[in-house]
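# everything below, folded, please.
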Amino acid sequence: MLTINKNNDRNVGEIIKELRKTKGITQSKLAALLNVSPSMISQYESGIRSPKIETLQKIADALEVSVDFFMPIEVFDLSNLSDDHLEPIDRAMLIEFQELNDAGKRKALEYVYDLEQIPDYRKE
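Here you go, the predicted model:
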């Protein structure tokens, strides 16, 4: 199975909470960065309230991730994909990618998204 880009079984609040803790930021600090109350952050993280897209963008900026980071995960079954469908570099990337936990996979995808924005790294 290959997990791509997003988060299936978790809501946005759970992802915000995990990322905030990973970054070592308290609810109070994140609230101050967003100019909202700590209770608002708590409500987002517990799923009581959902942030508007504009607020989600501010959260993403504060936590230094793309807003895509908060979107659902799509899972693809690659078990029936034969070797002749993949270039060696693609196969190597998939093997290494599968060794990462979910947080590592999201971080790797962030790097890929960043690289895609640089014309020198895109396919022509």
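
# so what's Gln43 closest to, chain neighbours aside?
Using C-beta to C-beta, 6 or more residues apart in numbering and skipping residues adjacent in sequence, the residue nearest Gln43 is Arg49, 4.2 Å away. (C-beta placed from N, C-alpha, C; glycine too.)

# so the one you found touches Ser42, yeah?
No: at 9.4 Å, Arg49 and Ser42 do not qualify as touching, with contact defined as C-beta atoms under 8 Å.

# can you point out the buried residues in stretch 109-123?
109-110 (16 or more other C-beta atoms under 10 Å).

# what's the longest helix in the protein?
As assigned by DSSP state H, the longest helix anywhere in the chain is helix 102-116.

# how far is it from where the chain is centred?
Taking C-alpha atoms, centre = their mean, to the nearest Å, the mean C-alpha location of helix 102-116 is offset from the chain mean by 7 Å.

# just want the most central residue of the protein.
With distances taken as C-alpha atoms, centre = their mean, the chain has Phe69 as the residue nearest its mean C-alpha position (2.6 Å).

# tell me, how many residues neighbour the spatially closest residue to that one that is not a sequence neighbour?
Spatial nearest neighbour of Phe69, chain neighbours left out: Arg106 (5.9 Å); criterion: C-beta to C-beta, 6+ apart. Here the number of neighbours of Arg106 (other C-beta atoms under 10 Å) works out to 23.

# you'd agree Arg106 is up against Asp68?
No: Arg106 is beyond contact range of Asp68, at 9.2 Å (criterion: C-beta under 8 Å).

# now the helices for the chain?
Counting by DSSP H, the helices of the chain are 12-22, 27-34, 38-46, 53-62, 88-98, 102-116.

# helices or strands up against the fifth one?
Using 3 or more C-beta pairs under 8 Å, 6 or more residues apart in numbering; DSSP states H and E as the contact test, the elements touching helix 88-98 are strand 2-4.

# at 10 Å what do you get?
Under the contact criterion of 3 or more C-beta pairs under 10 Å, 6 or more residues apart in numbering; DSSP states H and E, helix 88-98 touches strand 2-4, helix 102-116.

# for Ile15, find the nearest of those.
helix 102-116 (8.7 Å; C-beta to C-beta).

# counting contacts, what elements does that closest one pack onto?
For helix 102-116, where contacts count as 3+ C-beta pairs under 10 Å, 6+ apart, the packed elements are strand 2-4, helix 12-22, helix 88-98.
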